[in-house]
Structure formats: C-alpha cells, structure tokens
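# any chance you could fold what I've pasted below:
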Amino acid sequence: MKKQVLFVATFLFATQLTTAQVLYSENFDNLTLGNVGTDFTGATPGQGGWHTYSRADNVPSDAGNNYFKIVSEPNKGKVLQTSALPSFGANYLLKSGIDNLWNNRNQGNNVLKVTYDFFTGPNLSISGPNYSFYILKTNSFHNLSGDYLGVLTYVPMNGSMNLGPNPFNLPHSQFPKLKPNTWYTLTFYIDYTNQKVYFSIPSLGFNVVHTSQNQIPVTLSVVLQHSTLTVMASDYKYDNIIVSAVSTVPTASVDNVLSSKFNIYPNPVTNMLTVTNSENITIKELTVYDVNGKTIKEQKGSFEKEHTLNVDNLSAGTYLLHIKTESGTAVKSFIKK
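As a prediction, this is how the structure comes out:
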C-alpha cells in the first residue's frame with residue numbers, strides 16, 4: 001500500500017551581523033523531555049507554542065502525539081525529533097505569528113533570515129521518502145502547494161536536495177550532497193526590498209539566489225514527507241531555530257556571478273537557442289534539464305563567445321540550461337514553445 005507522511009514545523013531566524021535583530025529563537029533546552037503537545041488536532045498549542053497535527057487518512061487510530069518529541073542529543077542538549085506515521089497520512093508541527101514579529105523589526109532590517117540545524121539521519125534504501133522545509137505564506141496546515149515563499153526538499157536515499165519556489169527549482173546536480181547522520185546548519189534569506197530569496201549552507205560555502213514574491217509569511221513550516229510502499233522508520237531532528245531581521249544577504253556564489261555573464265535568446269524559443277557571453281568565456285559543455293532534474297540533452301565541445309543549441313525536439317515547457325566552463329557552471333532558464 002502506498003504510504004505518505006507529512007510533518008510540519010515552523011521556524012524563525014537570526015544573524016551574526018551587528019545590525020541583526022533576533023525576533024525569535026528556540027533551542028528546546030527549556031522544554032520538557034517527551035511529547036511536544038497533547039492535542040494532535042492542531043487546535044491547542046503544546047510546549048513552546050508549537051501546534052501539533054497528526055492526520056492518519058487510512059488508519060485513523062495511527063494518529064497521535066508521539067510523533068513529535070523533545071529528546072536529548074549528545075553535545076547539543078535537547079532537540080526536536082519527528083517521526084513518520086506507519087500509514088498514509090500527514091504529521092505537522094507549526095508555529096505562527098511571524099508577521100507580528102516582523103512588523104516590529106528595526107528600521108533598515110528588511111531581510112528575513114531563517115536558520116536552523118538539521119540532522120540528516122541514515123540513508124534509506126528506497127527513493128520515496130523525502131523531507132521538505134517550507135516558509136509558508138499562510139497560517140494553515142493545509143494546501144502547502146503554492147502557499148510558500150521558499151521550500152527545501154531533502155532526499156535521504158542519496159543525500160540530494162532541491163529548492164523552490166518553482167522558478168527557483170534547480171536539479172539535484174546543482175546542490176552539494178549531504179552526508180547521512182550529520183548535523184547541518186541551513187539558512188533562508190528573504191530580501192523583501194529586492195524581491196529575492198536566498199538559500200545557504202554556510203559549512204559547505206553554498207549559496208543560491210532567485211527572484212521571489214514580496215509577501216510577508218504569517219508562519220514558517222518544516223514538512224517531512226514520506227511516499228513509500230514500505231514505511232521506513234526514520235526520525236529527523238532539529239535544533240537552534242532562529243528568526244532574525246537583518247540588513248544584508250549572503251555574497252553571491254561564483255556560479256551565480258558566472259550566470260550573469262551569459263545570455264540566451266530567443267526566450268521563449270521554438271527551435272534554435274543561442275548562447276552568448278561578452279567575455280569570450282569558453283564553454284566546455286551544455287546540458288539541458290527539465291524542472292525535475294532529469295537530463296534531457298547534452299552537448300560537449302569547446303565553444304567561444306557564441307553557440308547555438310537545437311532544442312526543436314523538446315516538448316513545450318520550462319527547462320534549465322547548464323553552461324559548464326573552466327570557472328564553474330552557469331545556469332539559465334528558458335521556455336520551449
């Protein structure tokens with residue numbers, strides 16, 4: 001039987017800059033070991049003001065409070081641990097009210113920063129399970145699709161990641177692989193002034209950026225999702241959730257700078273896509289991916305300044321063109337008519 005598990009939890013963020021304003025922080029050390037909440041319908045908040053909602057669609061008796069716990073972790077103190085349902089359904093953990101915190105920020109701190117520690121857990125032997133971290137635009141456990149400013153998906157089978165919203169989607173190959181059973185600090189920045197969203201893994205020197213909607217979220221949510229034929233007993237852990245209002249964003253990565261040096265046209269395109277750059281940068285390889293990260297077309301060689309790629313046989317839709325050079329890989333999106 002196909003089984004799907006969703007888990008949600010909300011967060012806020014912080015910064016090390018002197019102009020940073022911490023709006024919210026939670027390291028769970030002041031909470032009591034055991035269940036986070038006593039009401040798994042989501043109506044009544046539990047410890048720390050976290051709402052817990054467990055929805056078991058096929059086996060209602062599977063729903064409960066035991067999927068959300070405060071546990072002890074070596075060298076970290078107390079952390080938040082979430083577990084999967086044994087049947088089709090969803091588990092959510094939610095904290096709201098970020099809009100109120102944000103509206104009381106200091107003048108000039110117009111970048112929302114969300115940072116948290118995440119424990120990857122073991123690699124799994126099936127491809128279905130994945131974990132997603134959502135920054136939602138609504139204060140609801142429901143209708144997550146489209147109701148977010150940013151989302152990070154982690155696949156424990158191979159340590160790969162993907163990032164949204166949809167125009168931001170980059171294939172798994174653009175992200176560093178995370179190691180199993182390892183703690184990582186993950187960070188989102190939302191720049192409302194310039195309508196940009198950034199994602200960063202500081203320990204890996206990884207930063208990406210894309211255009212986002214200029215809308216204040218009322219809640220931040222972490223979603224753990226399993227979609228499998230056999231439920232795997234996987235737990236995920238979180239710590240040091242911090243929400244801040246800051247004045248700056250991360251420095252763009254080399255690949256982001258490189259991308260700005262290339263131009264592609266026409267876009268949308270019918271058959272022939274031209275790739276150009278004004279600095280005579282040599283192109284070593286061109287690879288086209290669909291929005292799901294599947295390789296659609298590859299072309300290797302040594303091309304300078306301008307090159308034409310035949311995309312006539314591609315189906316209509318949005319694609320990502322990876323332009324590999326000696327200095328890195330530029331990524332440009334295009335639409336095939």
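
# surely Thr325 meets Glu279?
No: counting by CB atoms under 8 Å, Thr325 stays clear of Glu279, with 10.2 Å between them. Heads up, the C-betas are built off the backbone N, CA and C, glycines and all.

# beta partners of the nearest residue in space to Gly42 that is not next to it in sequence?
Among residues not flanking Gly42 along the chain, Tyr53 sits closest, at 3.3 Å (CB to CB, 6 or more residues apart in numbering). Counting by DSSP bridges, Tyr53 is bridged to Thr41, Tyr92.

# contacts only, for Tyr53.
Residues in contact with Tyr53, defined by CB atoms under 8 Å, 6 or more residues apart in numbering, are Val8, Phe40, Thr41, Gly42, Ala90, Asn91, Tyr92, Leu93, Leu94, Phe141.

# before we move on, the earlier item: neighbour-wise, which of Thr325 and Glu279 wins?
For Thr325 versus Glu279, the count of surrounding residues by other CB atoms under 10 Å is larger for Thr325: 17 against 8.

# any idea how far that one lies from Tyr319?
According to CB to CB, to the nearest Å, Thr325 stands 19 Å off from Tyr319.

# so what's Asn240 up against?
Contacts of Asn240 (CB under 8 Å, 6+ apart): Ser25, Glu26, Asn27, Thr115, Tyr116, Asp117, Thr185.

# just the buried ones among these, please.
Glu26, Asn27, Thr115, Tyr116, Asp117, Thr185 (16 or more other CB atoms under 10 Å).

# in a markdown table, list those along with distance to Ile241, pLDDT and secondary structure.
Output for these, formatted as a markdown table (distance: CB to CB, whole Å; pLDDT from 0 to 100; DSSP: H, G, I helix; E, B strand; the rest coil):
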| residue | distance to Ile241 | pLDDT | secondary structure |
| --- | --- | --- | --- |
| Glu26 | 5 | 89 | strand |
| Asn27 | 8 | 91 | coil |
| Thr115 | 8 | 86 | strand |
| Tyr116 | 4 | 86 | strand |
| Asp117 | 8 | 89 | strand |
| Thr185 | 11 | 87 | strand |
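
# of these, closest to Leu85?
Using CB to CB, Tyr116 comes nearest to Leu85 of the buried ones among the contacts of Asn240, at 22.7 Å.

# re earlier: just the buried ones among the contacts of Asn240 now: which is nearest Ile98?
Distances from Ile98 to the buried ones among the contacts of Asn240, taken as CB to CB, are shortest for Glu26 (12.6 Å).

# got the domain ranges for the protein?
Here the domain parsing of the chain from the TED database is 22-246, 254-336.

# highest mean neighbour count out of these?
Across these, averaging neighbours per residue (mean count of other CB atoms under 10 Å) puts domain 22-246 on top, at a mean of 18.

# max-length strand in this structure?
Assignment by DSSP state E gives strand 235-246 as the longest strand of the chain.

# if I look at Asn75, how far off is Ala316?
Distance from Asn75 to Ala316, by CB to CB: 52 Å.

# what stretches of the stretch 51-200 of the chain score poorly on pLDDT?
Applying pLDDT under 70 to the stretch 51-200 of the chain flags residues 124-175.

# so where do the helices sit in it?
98-103 (DSSP state H, counting those that start in this stretch).

# residues contacting the closest residue to Pro268 other than its chain neighbours?
In this structure, Pro268 finds its nearest non-sequential neighbour in Ile335, 4.0 Å apart by CB to CB, 6+ apart. Neighbour list for Ile335: Asn267, Pro268, Val269, Gly317, Thr318, Tyr319 [criterion: CB under 8 Å, 6+ apart].

# going by distance to Glu298, which of those wins?
For the contacts of Ile335, the nearest to Glu298 is Tyr319 (12.8 Å; CB to CB).

# in space, what's closest to that closest one - neighbours in sequence excluded?
Tyr319 sits nearest to Val288 (CB to CB, 6+ apart), 5.3 Å away.

# let me know the pLDDT of that neighbour.
Model confidence at Val288, expressed as pLDDT, equals 89.

# so it, which state does it fall into?
strand (DSSP: H, G, I helix; E, B strand; the rest coil).

# wait, doesn't it sit right on Leu314?
Yes: using CB under 8 Å, Val288 makes contact with Leu314 at a distance of 7.2 Å.

# what do these two both touch?
Ile296, Lys297.

# residue contacts, the closest residue to Thr193 other than its chain neighbours?
Nearest residue to Thr193 in three dimensions, chain neighbours excluded: Asn110, at 4.8 Å (CB to CB, 6+ apart). By CB under 8 Å, 6+ apart, the contact list for Asn110 reads Asp191, Tyr192, Thr193, Ala245, Ser247.
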